[in-house]
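In: pasting a predicted model and its sequence here:
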Amino acid sequence: MPKHNSLQVKAIKAVIYNMGSFIANISFGFLISIVLARLLTPSDYGLLGMVTIFIAISQLFIDSGMSSALIREKNPSEDDYSTVFFYNLFISLSLYTLLYFIAPLIARFFSEPQLVDIIRVIGLSLIINSFGLIQRTMLIRKIDFKSQAYIEVSSVMIAGMIAIFMAYKGLGVWALISQSLVKHLITSSFFVMKNRWTPKFRFSRDSFNRLFGFGWKLLLTGVLATLYKNIYNIIIGRSYTSVELGYYTKSLHTRDLASNSITTVVEKVSYPILSRIQDDKTKLQSTFKKIIKLCSFTTFPLMIGLAIVANQFIPLLFGEQWSKMIPYFQILCFAGITFPHRAINLNLLKVVGRSDLFLKLDILKITVGIVSIGLVIILKLGVYGLLWCSFFNTQFAFFVNTLFSKKYIGYSTSQQVMDIIPLLIISLVMGGGVYLFAANLNFNVITNLIIEIVFGIVFYLSACWLLKIEALQIAIEAIRTLRNSHKMR
């Protein structure tokens, strides 16, 4: 088989396995989320939301962007892998120790004494994760997303069942803490067992300098982005109640089951694939365009559809106690509509070796974001003001992330917008059609919801087919290529 076709088949298989993992994760994760939401309170989710930023930032420091550096390396050595492994382990132990001692200060800041024990327990996930980072990186380099899919689905199921049991026993927020810890433990353990690699007891200064030289820019960018992303948790948790933060974090988590799962698929698949063809600008541009269109083809109708049916499915699935989260969820769905597009444009910068641009772009995005958040606070626009501020800032971030695509592959911001606008319009029309169609349904809630979803899917696919939208053809060709590759075995 020609090398180009072989890589194409690998790319499509990677997408299929990741989409399979995504569907399984979102299905199991959603079912688990439904049960937990009925057993727990918004306040439980709010307490967990208060510590999210500290764990997320710590995890960034543990990796320090060096996983991306290893993926981009054409032939990483054993010294490279071992150096990164011991660095990850050392930093994880150091950060856990730091979190352990500053936990009382964090609890005092949020006026929540429970946070002391919560931080000291959930912080253990940092050490656990550090043992599986290299094995995960190796699987990504091999474009072995099948193994990763099995591992991730298994960890979601097992951790979810344990959390449900603990919630049923009345352990409250500790059910969520255990879910996070068990998931990380199973994931790292399975990665270690699947990719039986043992580090050499050595630390190469040359390896560290080279890999960290690439990764520190990603690290700093990631820290700034995480601080900015979680600033809403800090403001809501500090200025309002844990219940309101619970509505926000639950809305964000429910939205992210769809939006961020797609984004994760795009990031994990596109980076190693685009890295393989980084020296062929024509092929790089063609593949990049297809990924952008496929992202739009899946994300737009999904996010808009979820926002339209939120009034029905949130009380039905989570219970009436969560009804107040509906407007939170709807706004966040529209805010997350371009998440995958932002990710693929940033991946391009990593592929062409310009991780330094991450920082410049993030400074611009964060500056605009902080100014807009400041205006919301000064004008006292409340939680909803913060949510609409999130919508504005995420769309602004999409445009900023596309600024260098023209320079490196000849695919400008305006070209990207023109490629995705037809799918956005079709998705909006589909959403409007579902809304009007639903107004005339008089069945029970479950029947109405099923009819609306089926109507939306049929309407969207029919419109794409009648208007000859290229993204639909790309999706069909990807499925055919995968099917043909199996027949050739």
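Out: Ah, there it is.

In: okay, CA-based contacts and neighbour counts for the rest of this
Out: Noted.

In: list the contacts for residue 100?
Out: With contact taken as Cα atoms under 8 Å, 6 or more residues apart in numbering, residue 100 is in contact with 119-120, 123.

In: could the residues you listed go into CSV alongside pLDDT, neighbour count and distance to residue 238?
Out: As requested, the contacts of residue 100 are exported to CSV (pLDDT from 0 to 100; neighbours: other Cα atoms under 10 Å; distance: Cα to Cα, whole Å):
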residue, pLDDT, neighbour count, distance to residue 238
119, 95, 26, 17
120, 96, 18, 20
123, 94, 26, 21
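
In: where do the helices sit along the stretch 101-250 of the chain?
Out: Listed in chain order, the helices of the stretch 101-250 of the chain (DSSP state H, counting those that start in this stretch) span 115-122, 124-130, 133-141, 145-168, 173-194, 205-229, 231-239, 242-276.

In: would you list the ones you listed in a markdown table and tack on distance to residue 423?
Out: Formatted as a markdown table, the helices of the stretch 101-250 of the chain follow (distance: least, Cα to Cα, whole Å):
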| stretch | distance to residue 423 |
| --- | --- |
| helix 115-122 | 41 |
| helix 124-130 | 38 |
| helix 133-141 | 30 |
| helix 145-168 | 28 |
| helix 173-194 | 36 |
| helix 205-229 | 27 |
| helix 231-239 | 30 |
| helix 242-276 | 16 |
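
In: which of these sits closest to residue 322?
Out: Nearest to residue 322 among the helices of the stretch 101-250 of the chain is helix 242-276 (7.2 Å), distances taken as Cα to Cα.

In: chain center to the helix or strand just after that closest one, what's the gap?
Out: Next along the chain after helix 242-276, taking DSSP states H and E as the criterion, comes helix 281-318. Centroid separation between helix 281-318 and its chain, computed with Cα atoms, centre = their mean, to the nearest Å, is 13 Å.

In: report the inter-axis angle for the helix or strand encompassing residue 424 versus helix 281-318.
Out: Residue 424 is located in helix 413-438, with elements delineated by DSSP H and E. Here helix 413-438 runs at an angle of 30 degrees relative to helix 281-318 (axes from the mean of the first three to the mean of the last three Cα atoms, to 10 degrees).

In: flag every buried residue along the next helix or strand after helix 413-438.
Out: Next helix or strand after helix 413-438 toward the C-terminus (DSSP H and E): helix 445-466. Within helix 445-466, the residues scored as buried using 16 or more other Cα atoms under 10 Å are 448-449, 452, 455-457, 459-461, 463-464.

In: one more: stretch 307-321?
Out: Buried, per 16+ other Cα under 10 Å, within stretch 307-321: 307-311, 313-318.

In: and the two most separated of the residues you listed?
Out: Counting by Cα to Cα, the most remote pair of those is 308 and 318, 16.8 Å apart.

In: residue 71 contacts residue 139, correct?
Out: No - using Cα atoms under 8 Å, residue 71 is not in contact with residue 139, being 9.7 Å away.

In: using PDB, write down the CA coordinates of the helix or strand containing residue 393.
Out: If you go by DSSP H and E, residue 393 is part of helix 382-401. Output in PDB follows, covering the C-alpha atoms of helix 382-401 (Å, rounded to 0.1, in the frame of the first residue of the first chain):
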ATOM      1  CA  GLY A 382     -24.200  38.900  37.600                       C
ATOM      2  CA  VAL A 383     -23.700  35.200  36.700                       C
ATOM      3  CA  TYR A 384     -25.500  35.500  33.400                       C
ATOM      4  CA  GLY A 385     -23.200  38.400  32.400                       C
ATOM      5  CA  LEU A 386     -20.200  36.200  33.100                       C
ATOM      6  CA  LEU A 387     -21.800  33.400  30.900                       C
ATOM      7  CA  TRP A 388     -22.300  35.800  27.900                       C
ATOM      8  CA  CYS A 389     -18.800  37.100  28.500                       C
ATOM      9  CA  SER A 390     -17.600  33.500  28.100                       C
ATOM     10  CA  PHE A 391     -19.500  33.300  24.800                       C
ATOM     11  CA  PHE A 392     -17.900  36.400  23.500                       C
ATOM     12  CA  ASN A 393     -14.400  35.500  24.600                       C
ATOM     13  CA  THR A 394     -14.500  32.000  23.100                       C
ATOM     14  CA  GLN A 395     -15.500  33.200  19.700                       C
ATOM     15  CA  PHE A 396     -12.800  35.900  19.900                       C
ATOM     16  CA  ALA A 397     -10.300  33.200  20.700                       C
ATOM     17  CA  PHE A 398     -11.300  31.300  17.600                       C
ATOM     18  CA  PHE A 399     -10.500  34.200  15.400                       C
ATOM     19  CA  VAL A 400      -7.200  34.900  17.200                       C
ATOM     20  CA  ASN A 401      -6.100  31.300  16.900                       C
END
